[in-house]
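Q: Here is a sequence together with a model predicted from it:
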Amino acid sequence: MRLQLSFAFVIALAAAACGDNASDGHAPKAAPAASVTPTTSPPASAPAEAKASAAPPAVPEDPARIAHGKELYLRICAVCHGKNGEGYVADAAPALNHPGYLGSVTDALLRDAIENGRTGSTMSAWSKAHGGPLGTEDVTAVIAFIRSFYQGPKLVLDEGSLPGNPRSDRVRGAVLYAEHCQKCHGARGIEGPNARIGDPAFLRRASRGFLRLAIREGRPPTPMPAFRDALGLEAIDDIIMQLRALARENAPRVTRGSQPKPQSPLPLPKLPQNPKGRDPRGFRKHPETTPLDVVYREMKAGARLALLDARAPSDYLREHIKGAASVPYYDPSPYLDKLPKDTWLVSYCSCPHAESKTLAQKLLNAGFEKVTVLDEGIGAWRAKGHPVVSEDPPAAPAPADKAKAKAQTEH
Ligand code: HEC
Ligand code: HEC
């Protein structure tokens, strides 16, 4: 049993490390296979392991599908995840091109994340069912394009029990989690700043082997460290048990209501605000931004302006600045002939700039001249107590959570 585990581990390590070598000084260098290869041949249970591993498509992908996925990805996803899936272009959007990730993640996990988003992060729900732009086939195409970032073999995941079958211990796991993981993943695993690993939807799709690989090997060169040396196999399994327990506790906080499918595109509300008002003072044309305090002051003083929510409609439906219209950055075309030309348009998002700046640029390109971006985004607006409309009011967060949410939206 021990032999089988270490063998699987070596394969995973070697495969995870290759492909990173050029770009990354911290990547674990794959040990020469000969020095660590078990002296006997692989165990007879290899097929069972292969079955347990993630399965990227066995048939070559249709180039037309990849091209369609590429167009969607570049228009919608690249503002945060980067043109090549390198991640961290905006906010804490993770890398999508990591060999360890793509070699181990299932299509089901990818689809779930893309269609339903990740509550509490800027990762929106992109499916048509949530008012987003992507149908089922579109998501398939986007996944095909993301898969094209990695041509290597699928990794053999270590799903088995530990040698000697020690029982994972949540209490130990909770202590280790607080010590090693909390600062990046949040006390409950859903507060960020990094991946919501306590999200029940994520954990439903993440197998033990997938989690072990991510924790043991990390995701160099991203900030996710490799814990292979700092924590033993047992400690890592204890932490995984703590994650699964967190997911059960988090379920009520992150469940999306089953609302009817929203109208698409969403209709514009009455624009502008203060239609008879004067022009606002102190607004700065994109690519400059306008501070939140200036926008709020001018709005209260009765200046004429229109707030545009640049995010996905699912985010807008959940919460938006009072009086704002939904004009998604990836396709403002249905709204262009309905937006006022003589009025300052204030684009905002929560990242706090990636989507709002993309929309502002598209509006300038379409001939609008008075276009600015709200500097701090909707998170800061809410934190200051300015009016928002929430169709799905969350349970009042504890004060500690509020402070954290504020810090997170402002970074
Ligand atoms: C210094 C910050 C940091 C620490 C500490 C950290 N992580 Fe991470 N973690 C990250 C980042 C950043 C990512 C996303 C990496 C990427 O872009 O692929 C991540 C990703 C992950 C993932 C994969 C999530 C996914 O969606 O695929 C798992 C699982 C994970 N971390 C578990 C842990 C555990 C367990 C610990 C503690 C033992 C821990 N992390 C400690 C920053 C951290
Ligand atoms: C506004 C920025 C933003 C945009 C735009 C965006 N994402 Fe994300 N995405 C994120 C963030 C932030 C996360 C990490 C969520 C978390 O904390 O778990 C994420 C997570 C993900 C994950 C990882 C889920 C997991 O847990 O392993 C996938 C896959 C993903 N995004 C795909 C996409 C695709 C495909 C698109 C375009 C259709 C897209 N994203 C658009 C910000 C964004």
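A: Yep, that arrived. Ligands and ions are numbered 1, 2, ... in the order given.
Q: got any ranges where this protein has weak pLDDT?
A: Applying pLDDT under 70 to the chain picks out residues 1-59, 255-259, 392-411.
Q: in it, which spans are strands?
A: Assigned by DSSP state E, the strands in the chain fall at 289-290, 305-309, 319-321, 325-326, 344-348, 371-374, 388-390.
Q: Kindly reformat the ones you listed as TSV containing distance to ligand 2 and mean neighbour count.
A: In short, each C-beta sits where N, CA and C put it, glycine included. Below are these laid out as TSV (distance: least, CB to the nearest ligand atom, whole Å; neighbours: other CB atoms under 10 Å):
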stretch	distance to ligand 2	mean neighbour count
strand 289-290	17	23
strand 305-309	13	26
strand 319-321	15	22
strand 325-326	15	22
strand 344-348	12	28
strand 371-374	14	26
strand 388-390	18	13
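Q: so which of the ones you listed comes closest to ligand 1?
A: strand 319-321 (23.9 Å; CB to the nearest ligand atom).
Q: got a list of contacts for stretch 353-361?
A: The contact list for stretch 353-361 (CB atoms under 8 Å, 6 or more residues apart in numbering) reads 79-80, 89-91, 286-287, 289, 308, 310-311, 327-330, 332, 345, 347-349, 371-375, 377.
Q: gap between it and the chain center?
A: Taking the mean of its C-alpha atoms, stretch 353-361 sits 18 Å from the chain's own mean (CA atoms, centre = their mean, to the nearest Å).
Q: Residue numbers of this protein in contact with ligand 2?
A: Residues of the chain found near ligand 2 (CB under 6 Å from any ligand atom) are 76-77, 79-81, 90-94, 96, 110, 113-114, 118, 121-123, 126, 142, 192, 195-196, 202, 351, 354-355.
Q: Out of those, which sit inside helices?
A: Under the assignment DSSP state H, the residues of the chain next to ligand 2 contribute V79, C80, H81, L110, A113, I114, V142, F202, A354, E355 to helices.
Q: how about the residue in the stretch 301-411 of the chain that ligand 2 sits nearest to, phi and psi?
A: Closest to ligand 2 within the stretch 301-411 of the chain is C351: 4.7 Å, counting by CB to the nearest ligand atom. Taking degrees, to the nearest 10, you get phi -80, psi -20 for the backbone angles of C351.
Q: For R311, see how far away it is.
A: Distance of C351 to R311, given as CB to CB, to the nearest Å: 8 Å.
Q: so what sits against both of the two?
A: T122.
Q: Check the burial of the residue nearest to R219 when sequence neighbours are not counted by counting its neighbours.
A: Take R219 and drop its neighbours on the chain: the residue closest to it by CB to CB, 6 or more residues apart in numbering is H98, 5.1 Å away. H98 has 27 neighbours, counted by other CB atoms under 10 Å.
Q: still on that earlier bit, for the ones in helices among the residues of the chain next to ligand 2, which single residue is the most surrounded?
A: Result: E355 is most packed of these (other CB under 10 Å), 30 neighbours.
Q: Near ligand 1, which residues of the stretch 51-200 of the chain are found?
A: Counting by CB under 6 Å from any ligand atom, the stretch 51-200 of the chain comes close to ligand 1 at 87, 94-95, 98, 101, 180-181, 183-185, 194-195, 197.
Q: want to try CSV for these, with distance to L213 as columns?
A: Compiled in CSV, those are given as follows (distance: CB to CB, whole Å):
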residue, distance to L213
G87, 18
P94, 15
A95, 15
H98, 11
Y101, 9
H180, 17
C181, 16
K183, 22
C184, 18
H185, 17
N194, 17
A195, 14
I197, 13
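Q: Contacts only, for C184.
A: By CB under 8 Å, 6+ apart, the contact list for C184 reads P193, N194, P223, M224.
Q: Going by neighbour count, which of the residues you listed comes out on top?
A: Neighbour-wise, the contacts of C184 (other CB under 10 Å) top out at M224, 22 neighbours.
Q: who's in contact with that one?
A: By CB under 8 Å, 6+ apart, the contact set of M224 is C184, N194, A195, A214, G218.
Q: Ok, V142 next?
A: G69, L72, Y73, C77, I114, L134.
Q: next one: K276
A: Contact analysis of K276 by CB under 8 Å, 6+ apart lists R304.
Q: Need the phi and psi values for it.
A: phi -100, psi 0.
Q: hang on, the residue nearest to R219 packs against T222?
A: Yes: in this structure, H98 is within contact of T222 by CB atoms under 8 Å, at 7.2 Å.
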